[in-house]
Structure formats: structure tokens, C-alpha cells
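Q: Show me the folded form of this:
(one chain, ligands or ions: 1)
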Amino acid sequence: MGMKKVKVRVPATTANLGPGFDVLALALRLYNTVEMEVGSGKSKKKLQIDIVGEGKNNLPRDRRNIVYRAAKLVFDRFHFAPRTLYLKLINRIPLASGLGSSAAARIGGLVSANRLCGERLSREEILDLAAEIEGHADNVSAAMAGGLTVSCISSSKGRKGREIEILKLNAPENLSCVVCIPNFQIMTRRARKILPQTVKFEQAVFTSSRVAMLLAALIKRRYEFLRMAMEDKLHQPYRRRLVKGMEVVFKEALKAGALGVSLSGAGPSILAFTASSPRSCAERVGEAMRRAFARYKVESKYLVLGIDKQGTKIV
Ligand code: HSE
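A: Numbers count the residues shown, from 1 in each chain. This is a model prediction of the structure:
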């Protein structure tokens with residue numbers, strides 16, 4: 001076996017960016033860390049989990065914990081049964097808020113366990129596993145690779161048809177991400193259930209035109225196109241009923257100078273891009289979003305975050 005102790009840092013992610021449903025995601029400079037130790041003196045119990053920060057009072061600290069469950073998948077694959085296992089989770093990513101907390105937890109568990117097993121899984125294999133347990137590939141791809149990722153589930157490979165193809169693009173320069181986080185949670189499962197089985201051809205064409213324009217605008221740094229390019233007719237129109245005030249928050253963010261705005265992942269957080277300087281520009285947009293939510297009696301806070309370029313890192 002490999003080493004006995006590992007520490008892994010995983011970034012938050014914002015998925016979809018509007019029209020890129022299940023395909024696009026961006027890693028953000030907000031991190032969870034997972035410390036994992038086998039056979040340590042720290043724990044007399046077979047499994048001990050300490051949690052600091054987000055979820056410290058309500059996340060499970062037993063075998064139901066999703067970091068542990070992801071790690072267990074790797075241990076089982078290599079028939080590794082540690083006598084004791086100690087996990088310390090330092091969580092900065094808000095839970096069930098559309099910022100990839102579950103993707104970060106799963107990647108953190110898989111990568112840590114893989115390290116302890118001697119790096120026997122490749123990054124591709126880890127990503128495939130992560131996407132399979134997560135149910136979609138966008139957050140886990142950006143969390144793993146960092147930057148802006150395009151990921152597709154290949155239909156031609158594998159028995160389950162699940163193999164992730166991923167391309168990482170250079171992270172867009174000179175952009176800040178303002179993330180406004182309301183004080184309620186949405187489970188992604190629920191936010192996916194409300195999506196329709198079929199969409200009209202016109203909605204599909206509208207959305208695919210935006211996703212193409214979005215990538216072109218980011219690559220060519222033509223940020224004046226972002227406003228249009230982040231429009232979407234695949235998922236946001238259906239999710240607005242889960243996020244009270246969503247459209248008004250969008251409108252106020254744009255009015256305050258945002259370059260483009262979207263639901264972050266499945267919500268309820270809302271992402272706005274702004275120029276990275278002056279900083280006051282991002283603050284103004286954040287304040288505008290917070291005030292717009294408040295009009296709907298929704299309390300929220302905002303964070304101004306840079307783009308993470310490194311992805312998951314052993315620290
Ligand atoms: N693409 C996923 C969704 C992201 O929108 O359901 C969830 O974070």
C-alpha cells in the first residue's frame with residue numbers, strides 16, 4: 001500500500017454557466033480540504049470523522065458520509081480494509097447551494113483514498129467514478145481539473161456508456177465571479193426532477209446557439225457577448241420556481257454592471273461575471289443581488305471569487 005496519511009484540497013465549482021447544462025463548469029477559489037489517515041493513533045474507533053465549517057452540525061459522521069462513501073469505493077476495489085480510518089473535513093463550500101459541495105466531497109474522498117492505495121487509479125478513472133456517483137459530469141470535471149471545463153459523457157464506450165471526455169480551457173482572464181448565496185438549500189435531485197422530459201426544437205436551438213457563443217466569447221475575451229451568451233431555455237426557466245426572485249436578481253445584477261448572469265449549477269446560488277478590476281464593480285453587483293433577494297424576503301450573502309486554475313491538489 002501507499003502512504004498512511006494524505007491531505008487533499010478541492011475547489012468549489014459553478015456548473016452550467018446558463019446554457020451549458022451538464023457540460024460546462026468553472027472552478028472557483030473556495031476550497032474544501034480532506035485529511036485522511038489510516039491506522040492512525042488519532043482514532044481508537046474504526047471510523048472517526050471530524051468536520052469543521054459548513055455542515056459541522058448536520059453532516060453525518062459515520063458510514064453515510066459521502067466523503068467516506070467515495071473513499072470506500074476505492075478501498076473496496078483494491079481489497080483494502082484499513083483497521084482504523086480518520087477523516088478530517090474542512091468545509092468552506094456551502095452545502096446544497098449550487099457550488100459543487102457534493103462534487104468536492106466525492107472527489108476529495110476518491111483522490112485521498114486513491115493516494116492511500118498507491119495511486120492505482122488514473123485521473124480519468126477517478127473522474128468516471130465521480131461522475132457515476134454524482135450523476136452528472138460537469139462539477140466533478142471542473143473540481144478535478146480546475147479552470148473552465150467542457151465535459152461530455154461518451155455514448156460509445158463502456159458497458160454503462162459512461163466514460164467522461166473532458167477538455168480544459170484556459171481560464172478566462174480579468175473576470176471575477178460574484179456568487180450570491182441565499183440562505184436556503186436545494187437538493188440537486190429535486191432540481192433535476194422538475195425538468196421536462198422533452199423540449200421544443202426552438203428551445204434547443206436557442207440554447208445551443210448560446211452555449212457556442214459563450215465559449216467563443218470566453219475564448220476571444222469578447223465579454224460584451226456574455227449577457228446574451230448566458231441565456232438559457234433548457235433548465236433555468238423551470239427552476240425559477242425553486243428560487244424566488246431569480247429573474248429580478250438577474251436583472252438587478254446586470255443593471256449594476258454584471259457582464260452576464262446565471263443560476264449556479266442547480267441553484268439556489270446565482271453567479272454573475274464582472275470585470276475583475278476595479279474590485280468595487282464586483283461589490284456593487286453583489287450588493288445589488290443581495291438587495292434584490294431581500295425584496296423577496298430571502299436572506300443572502302455574496303462572495304467575490306477568482307477562478308481556480310489548479311483543480312484538485314494533494315497538499
Ligand atoms: N448540471 C447540474 C444540474 C449541476 O444543473 O443539475 C448541478 O450542480
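Q: how about the nearest residue to L226, chain neighbours excluded?
A: G260 (3.2 Å; C-beta to C-beta, 6 or more residues apart in numbering). Any C-beta I mention is one placed from the backbone N, CA and C, and that applies to glycine too.
Q: That neighbour - how many residues pack around it?
A: Look at G260: counted by other C-beta atoms under 10 Å, it has 26 neighbours.
Q: Please apply the same query to the one 10 residues further on.
A: Burial of I270 is recorded as 28 neighbouring residues (other C-beta under 10 Å).
Q: Could you check how far the closest residue in space to it that isn't next to it in sequence is from L28?
A: Among residues not flanking I270 along the chain, C180 sits closest, at 4.8 Å (C-beta to C-beta, 6+ apart). When distance is defined by C-beta to C-beta, to the nearest Å, C180 is 13 Å away from L28.
Q: do the same with A275
A: Counting by C-beta to C-beta - A275 and L28 are separated by 17 Å.
Q: about what we covered before: report all helices and strands that whichever strand or helix holds the residue nearest to I270 contacts.
A: C180 is part of strand 175-182, with elements assigned from DSSP states H and E. Contact partners of strand 175-182 among helices and strands, from 3 or more C-beta pairs under 8 Å, 6 or more residues apart in numbering; DSSP states H and E: strand 24-38, helix 246-255, strand 270-275, helix 279-295, strand 300-305.
Q: Swap in 10 Å and give it another go.
A: Counting contacts by 3 or more C-beta pairs under 10 Å, 6 or more residues apart in numbering; DSSP states H and E, strand 175-182 packs against strand 5-15, strand 24-38, helix 246-255, strand 260-263, strand 270-275, helix 279-295, strand 300-305.
Q: ok and it relative to strand 270-275, angle-wise?
A: Taking axes from the mean of the first three to the mean of the last three C-alpha atoms, to 10 degrees, one finds strand 175-182 and strand 270-275 inclined to each other by 150 degrees.
Q: Next, see if strand 175-182 gets close to the ligand.
A: No: Strand 175-182 does not reach the ligand (C-beta under 6 Å from any ligand atom); its nearest approach is 12.9 Å.
Q: what's the neighbour count on the residue in the chain that the ligand sits nearest to?
A: The ligand sits closest to G265 of the chain, with a gap of 2.8 Å, by C-beta to the nearest ligand atom. For G265, the tally of surrounding residues (other C-beta under 10 Å) stands at 30.
Q: since we're on R241, how many residues are nearby?
A: 9.
Q: And V248, by the same measure?
A: 14.
Q: Run through the stretch 151-300 of the chain and note the low-pLDDT ranges.
A: Where the stretch 151-300 of the chain drops to pLDDT under 70, the residues are 156-162.
Q: Write out the residues of it neighbouring the ligand.
A: Looking at the ligand, the residues of the stretch 151-300 of the chain close enough under C-beta under 6 Å from any ligand atom are T188, A191, R192, H235, G265, A266.
Q: what packs against the longest helix seen in the chain?
A: Longest helix of the chain, by residue count under DSSP state H: helix 201-219. When contacts are defined as 3+ C-beta pairs under 10 Å, 6+ apart, helix 201-219 packs onto strand 24-38, strand 148-153, strand 164-169, helix 226-229, strand 260-263.
Q: Of the ones you listed, which stretch is the most buried?
A: strand 260-263 (a mean of 28; mean count of other C-beta atoms under 10 Å).
Q: Doesn't S141 lie inside a strand?
A: No: under DSSP: H, G, I helix; E, B strand; the rest coil, S141 sits outside any strand and is assigned helix.
Q: Pairing-wise in the sheet, spell out the partners of the residue nearest to L226.
A: When bridges are called by DSSP bridges, G260 pairs up with F273.
Q: can you pull the contacts of it?
A: 17-18, 175, 214, 217-218, 223-231, 250, 253-254, 271-274 (C-beta atoms under 10 Å, 6 or more residues apart in numbering).
Q: Next: R240.
A: Applying C-beta under 10 Å, 6+ apart, the residues contacting R240 are M246, E247, F250, L263, G267.
Q: Report the buried members of the residues you listed.
A: Using 16 or more other C-beta atoms under 10 Å as the burial test, the contacts of R240 include M246, F250, L263, G267 as buried.
Q: L263 is in contact with the first one, correct?
A: Yes: contact between M246 and L263 holds when scored by C-beta atoms under 10 Å: they sit 6.8 Å apart.
Q: overlap in contacts of these two?
A: In contact with both M246 and L263: Q236, R239, R240, I270, using C-beta under 10 Å, 6+ apart.
Q: now, which of these lie within helices?
A: Those of those lying in helices (DSSP H): Q236, R239.
Q: Now flag whichever of the shared contacts of M246 and L263 is closest to A288.
A: I270 (11.0 Å; C-beta to C-beta).
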